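Peer 1: predicted model and sequence follow; I will ask about them next.
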Amino acid sequence: MTRLASLLFLAASLVACSREPRSASYFDAHRQEAAKVVAACKAGAHRGDECLNAQFAMSNARREARMERYRRVFEGSHD
């Protein structure tokens with residue numbers, strides 16, 4: 001019985017030890033992964049801080065793309 005209790009404790013410990021959520025800076029550098037996490041979060045298959053961090057990184061990516069489009073327009077209008 002003691003061995004079974006030890007195995008159950010070990011299994012419960014491994015399940016309880018979830019990894020640290022990846023940071024927004026990680027997702028900034030890995031935008032495809034961020035998009036996958038955001039999709040999983042929207043589907044309800046993923047939640048927590050990683051959802052927030054991935055959403056923040058995707059928001060940054062959209063902002064950067066928008067600013068790049070503005071730069072192109074304004075640089076082209078001064079010719």
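Peer 2: Yep, that arrived. Numbers count the residues shown, from 1 in each chain.
Peer 1: what about residue 39, neighbour count?
Peer 2: 12 (other Cβ atoms under 10 Å). To be clear about C-beta, it is placed using only N, CA and C from the backbone, and glycine gets the same treatment.
Peer 1: how much space between it and residue 68?
Peer 2: 24 Å (Cβ to Cβ, to the nearest Å).
Peer 1: got phi/psi on the residue nearest to residue 23 when sequence neighbours are not counted?
Peer 2: Using Cβ to Cβ, 6 or more residues apart in numbering and skipping the chain neighbours, the partner closest in space to residue 23 is residue 53 (5.8 Å). With angles defined as degrees, to the nearest 10, residue 53 sits at phi -70, psi -40.
Peer 1: what's the weakest-modelled helix or strand in this protein?
Peer 2: When each helix and strand of the chain is scored by mean pLDDT, DSSP states H and E, helix 2-16 comes last, with a mean of 59.
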